[in-house]
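Colleague: from the sequence below, what's the structure:
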Amino acid sequence: MSFMEKLRGQLIDIIEFLDESRDTMVWRFPRQGNEIKNQAKLVVREGQSAVFVSEGRLADVFGPGTYTLETKNLPILSTIQGWKYGFSSPFKAEVYFVATRQFTDLTWGTQNPVILRDPELGAVRIRAFGTYALQVVDPSALLRQLVGTDPQFRTDEIGDYFRRLVVGQLGPALAEAGVAAIDLAANQREIATRLAGQLSEDLSEYGIAVPRFVLENVSFPPEVEAALDKRTQMAVVGNLDQYTKFQAANAIETAAANPGGAGDGLGLGAGMGLGAAMGQQLAQSLGTTAAPQPTPAPTPPAGPPPLPAAESPWYWAVGGTQAGPGTTADLAGRVRSGEVTRASLVWQEGMAAWTAAGEVPALAALFAATPPPLPPTGAPTGDPTGPVAG
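Modeller: Now for the predicted structure:
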């Protein structure tokens, strides 16, 4: 150690920290022998806190401002009085500057896929990555739990531990979201907010919070993405017959641009297939294609025939008065009794008007064998033109 450094160590200290690294979370003021002098000036800027450690114990935490420190180390005298300690003061005092600003654009990602049970796709493996921000909210807890006596504590020293926490919380957060894997993009903000709260709770014992957590992307394995692309293509194409014809036309065009060898064979085969399809369509448009044979209906199981349809009732007129309704059998009885004759008017549902019974085809059989009316009582019988008995 040079003479000037020894001399500078006996002067009143001005303790401050200007960070140019952008990733330093905790920085210890590098004082010779950790002998912060009495009446030293401590300057704490915005976005910083200063933790004062006196004689090995955390004494106080200072926010932004300028302070005067009271210690047992007096310039020059403390060095002279420390002769029995090798001219080194036994009264140790240290100042740790803790950055309380947000450390942004820190990245995270899943090294191995996370397996989830999806309601649509079943068990799937997904990967995710994004960014996050860290902020020290309790400098004393950070110093006790993580920093210890480290003279310079950087964000990368906690990065690996944080990434393991993210992976451990990612699976439960995605499962609790209750959405299909293909709908995760629409719910990334809600999932990220839930993860930020859970991670802040896990890191609270270290005095660190996660004010911002971004879930930038959730991806599937390549084979699953390829299957989803095929499914999307089928949905976009819609009519597979039209798509096949379109592909055949593209094959012909490609074969025409590459004559010879396999190109000619490909073009010939595609052309024949397309020509056959076009010929079939042309024949259909001209009406020359034979009508397709209908598929025979399956033979119904054996059983009784259907019940006959119910007969509509008959109405008839007797002496200018409507009578009925009755069945054909009822009407036949009226004909035999002489109540209904050929001239009697009858009507049934479906007839335009009342009609003489003898003119209704359905009743013709009723009058085919109708006997004549009985002769009056006492009238002579036999052939009236025959001889008269003497």
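
Colleague: which element, helix or strand, includes the closest residue to Ala133 other than its chain neighbours?
Modeller: Excluding the flanking residues, the one nearest Ala133 by Cβ to Cβ, 6 or more residues apart in numbering is Arg212, at 4.1 Å. Heads up, the C-betas are built off the backbone N, CA and C, glycines and all. Here Arg212 sits within strand 208-219, counting by DSSP states H and E.

Colleague: can you pull the buried residues of that strand?
Modeller: 208-210, 212-215, 218 (16 or more other Cβ atoms under 10 Å).

Colleague: okay if I get those residues as a markdown table plus pLDDT?
Modeller: As requested, those are exported to a markdown table (pLDDT from 0 to 100):
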| residue | pLDDT |
| --- | --- |
| Ile208 | 93 |
| Ala209 | 93 |
| Val210 | 93 |
| Arg212 | 91 |
| Phe213 | 90 |
| Val214 | 90 |
| Leu215 | 87 |
| Val218 | 82 |
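
Colleague: how about the residues you listed in a markdown table, adding distance to Leu363?
Modeller: Formatted as a markdown table, the buried residues of strand 208-219 follow (distance: Cβ to Cβ, whole Å):
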| residue | distance to Leu363 |
| --- | --- |
| Ile208 | 107 |
| Ala209 | 104 |
| Val210 | 100 |
| Arg212 | 99 |
| Phe213 | 96 |
| Val214 | 95 |
| Leu215 | 90 |
| Val218 | 86 |
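
Colleague: closest one of the residues you listed to Tyr132?
Modeller: Distances from Tyr132 to the buried residues of strand 208-219, taken as Cβ to Cβ, are shortest for Phe213 (4.8 Å).

Colleague: sorry, back to before: where's the residue nearest to Ala133 relative to Ser49, distance?
Modeller: According to Cβ to Cβ, to the nearest Å, Arg212 stands 20 Å off from Ser49.

Colleague: after the helix or strand of the chain with the lowest mean pLDDT, next one along is what?
Modeller: Every helix and strand of the chain was ranked by mean pLDDT, DSSP states H and E. The lowest is helix 77-81, at a mean of 38. Proceeding N to C from helix 77-81, the next assigned helix or strand is strand 93-99, under DSSP H and E.

Colleague: pairing partners for the following helix or strand past that next one, with directions?
Modeller: Sequence-wise, the next helix or strand downstream of strand 93-99 (DSSP H and E) is strand 103-109. Strand pairing for strand 103-109, determined by DSSP bridges: strand 122-136 (antiparallel).

Colleague: between strand 208-219 and the strand it pairs with, find me the angle.
Modeller: 150 degrees (axes from the mean of the first three to the mean of the last three Cα atoms, to 10 degrees).

Colleague: remind me which residues of this structure are low pLDDT?
Modeller: 1-12, 31-35, 71-91, 236-240, 256, 259-303, 306-310, 369-390 (pLDDT under 70).

Colleague: would you map the helices across the stretch 101-250 of the chain?
Modeller: Using DSSP state H, counting those that start in this stretch, the helices of the stretch 101-250 of the chain run over 139-142, 156-177, 188-203, 222-237, 240-257.

Colleague: pull out the buried positions in the first one.
Modeller: So the one you mean is helix 139-142. Under the neighbour-count rule (16+ other Cβ under 10 Å), helix 139-142 has 139, 141-142 buried.

Colleague: burial measure for Trp314, as a count.
Modeller: When neighbours are counted by other Cβ atoms under 10 Å, Trp314 registers 25.

Colleague: kindly apply the preceding question to Gln169 instead.
Modeller: Based on other Cβ under 10 Å, the number of other residues close to Gln169 is 16.

Colleague: hang on, it packs against Asp202?
Modeller: Yes - taking contacts as Cβ atoms under 8 Å, Gln169 lies within contact range of Asp202: 7.5 Å.

Colleague: what about Gly159, how many residues nearby?
Modeller: 16.

Colleague: circling back: dump the helices of the stretch 101-250 of the chain to CSV, plus distance to Asp150.
Modeller: Formatted as CSV, those follow (distance: least, Cβ to Cβ, whole Å):
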stretch, distance to Asp150
helix 139-142, 11
helix 156-177, 8
helix 188-203, 18
helix 222-237, 42
helix 240-257, 65
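
Colleague: excluding its backbone neighbours, what's nearest Tyr315?
Modeller: Closest to Tyr315 by Cβ to Cβ, 6+ apart is Gly324, at 3.8 Å.

Colleague: need the phi and psi values for that neighbour.
Modeller: phi 110, psi -170 (degrees, to the nearest 10).

Colleague: next, the contact list for it, please.
Modeller: The contact partners of Gly324, taken as Cβ atoms under 8 Å, 6 or more residues apart in numbering, are 313-316, 330.

Colleague: what about 7 Å?
Modeller: Gly324 sits next to 313-316 when contact means Cβ atoms under 7 Å, 6 or more residues apart in numbering.

Colleague: how about Pro211?
Modeller: Pro211 is in contact with 102, 133, 135, counting by Cβ under 7 Å, 6+ apart.

Colleague: okay, buried residues for whatever helix or strand Tyr67 lives in please.
Modeller: Secondary structure assignment for Tyr67, by DSSP H and E: strand 65-69. In terms of neighbour count (16+ other Cβ under 10 Å), strand 65-69 has its buried residues at 67, 69.
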